[in-house]
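Novice: Got a predicted structure plus its sequence, pasted below:
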Amino acid sequence: MILSSEDFYHIRSAARDRGSVRGATHQFYRYPARFSPQFARAAIEAFSDEGDLVLDPFVGGGTTAVEALRARRKCLGTDINELAVFVSEVKSTILRESETSELRSWLPDFERVLKISRTHDTSPQWREKGYFRHLEGSETWRHRNIISAALSEIEKLGCSRLENFARCVVLRSAQLSLDGRRNLMSVSELRDKVSKHFVMMLDDMDLLREEIGDHRGIPTPTILKCNSNQLHEHETVTDAGAPKLIVTSPPYPGIHVLYHRWQVNGRRETPAPYWIANKLDGDGERYYTLGNRHEKELKTYFANLEAIFSSLAKISDHDTKIVQMVAFSEPDWQLPKYLEVMENAGLVEIGSQEADEDRIWRDVPNRKWHAERQSRKAGSREVVLFHRKAKRPTQLSDLPGRDHLGN
Ligand SMILES: C[S@@+](CC[C@H](N)C(=O)[O-])C[C@H]1O[C@@H](n2cnc3c(N)ncnc32)[C@H](O)[C@@H]1O
């Protein structure tokens, strides 16, 4: 048996951990549908050793990248969402002591600028492209004005590492004050949050640097913006060699997650986080979720998933373990379909859990997403799957001598 019961139980208890996401730089941004650092860490410890390469092809908010770094593994993370790449990079790029000190000394001037009430509009190109949508009304224009003032001051820092860190502070504070709230925070609360988060995030960064201080030879995780169906053709990925572990969580079938929008005043969606991160938005919800969640049998979703896992099979070797956490809106038909797609991609399920009741399931705590259909079971449970590359071809059409079988 490839998966020891010790590893299985360790991952199971980490997957079911109900604690809030905290520690290291994990609170820098509330990326939607994150998995827990404990889960990523348990998989990393079970299936890789120090110095090994860990890959997350749907890196999202960078949970895997941060935990791989802390566990002294090399890490490659990829995502199609520029916002995910931004957040993952900031969370896993360790600032030097001189850099956090510089930001601490700069903070009082920054806070003074945020207190001056004058109209800031230094971003006509962002407005023209629609990134201020739903931030121009009577309740929100002041928030946008403060964010504008913050960003124009941040741009004067003149160093992308410092600038990105400071942008992430504004991103976190603005998300807290605007996204998914019944009542918006006042602008003075937003200012206070920026100051408070600035200090908290600098403290978190200093602690993380101290924690990993003696890591010699473990590079900063590499985060790439790309469609993961191309990984076998990406030079950075192929040059890195086969990963020891792929630990990930793909967009979920049939489940609505807003990776690319904040919801202001109820359900009014704004792409403002891209403006704050200085990144470009993609091409609508389907771009981020592998297809249309209303489509019958989710054909596009499963075709895209197969292309991605086929690419992952190509860059893996027989030692590579693939651990995924997936939620289903209708597990009864979607889980068998999902497993069929893995098989078509050239992967086999491993471990002792061939029987469904032995798989690791967990109830999903209050997440900000919901299943397309209103069944309670749907979308409220996640499963952990373990795979590796198949040793032999898994499809009849791949077998040698197919022609001699009379086909
Ligand atoms: C469930 S989230 C991953 C969350 C992550 N585990 C974390 O802890 O933050 C799924 C991610 O897949 C990304 N994604 C969707 N389609 C993709 C594609 N074709 N290639 C790469 N990433 C993709 C989304 O942008 C999203 O960030």
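Specialist: Yep, that arrived.
Novice: Show me which residues of this protein sit near the ligand.
Specialist: Within the chain, the residues that sit near the ligand (C-beta under 6 Å from any ligand atom) are 31, 33-35, 57-58, 60-61, 63, 78-81, 84, 227-228, 249-251, 259, 288, 290. C-beta here means a position set from N, CA and C on the backbone, and glycine is covered the same way.
Novice: ranges for the strands of the protein?
Specialist: Assigned by DSSP state E, the strands in the chain fall at 53-56, 74-79, 222-225, 245-248, 255-256, 262-264, 268-270, 321-327, 347-349, 360-363, 370-371, 381-389.
Novice: The closest residue in space to Val187 that isn't next to it in sequence: neighbour count?
Specialist: Counting by C-beta to C-beta, 6 or more residues apart in numbering, Val187 lies nearest to Arg142, which is 4.6 Å off, once chain neighbours are set aside. Arg142: 17 surrounding residues under other C-beta atoms under 10 Å.
Novice: Burial check on Ala46, number of neighbours?
Specialist: Other residues close to Ala46 by other C-beta under 10 Å number 20.
Novice: got a list of what it touches?
Specialist: Asp7, His10, Ile11 (C-beta atoms under 8 Å, 6 or more residues apart in numbering).
Novice: ok, how many other residues are close to the nearest residue to His10 once chain neighbours are set aside?
Specialist: Using C-beta to C-beta, 6+ apart and skipping residues adjacent in sequence, the residue nearest His10 is Ala42, 5.2 Å away. By other C-beta under 10 Å, the residues close to Ala42 number 24.
Novice: Let me have the strands of the chain in a markdown table, adding mean pLDDT and mean neighbour count as columns.
Specialist: As requested, these are arranged in a markdown table below (pLDDT from 0 to 100; neighbours: other C-beta atoms under 10 Å):
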| stretch | mean pLDDT | mean neighbour count |
| --- | --- | --- |
| strand 53-56 | 98 | 26 |
| strand 74-79 | 98 | 26 |
| strand 222-225 | 98 | 19 |
| strand 245-248 | 98 | 27 |
| strand 255-256 | 87 | 20 |
| strand 262-264 | 95 | 19 |
| strand 268-270 | 94 | 17 |
| strand 321-327 | 96 | 24 |
| strand 347-349 | 95 | 19 |
| strand 360-363 | 82 | 16 |
| strand 370-371 | 44 | 18 |
| strand 381-389 | 92 | 22 |
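Novice: which stretches of the stretch 201-350 of the chain have low pLDDT?
Specialist: Where the stretch 201-350 of the chain drops to pLDDT under 70, the residues are 214-215.
Novice: Mind pulling up the pLDDT for Asn183?
Specialist: Looking at Asn183, its pLDDT stands at 88.
Novice: Scan the contacts of Ala46 and report the most crowded one.
Specialist: Among the contacts of Ala46, the one with the most neighbours (other C-beta under 10 Å) is Ile11, at 26 neighbours.
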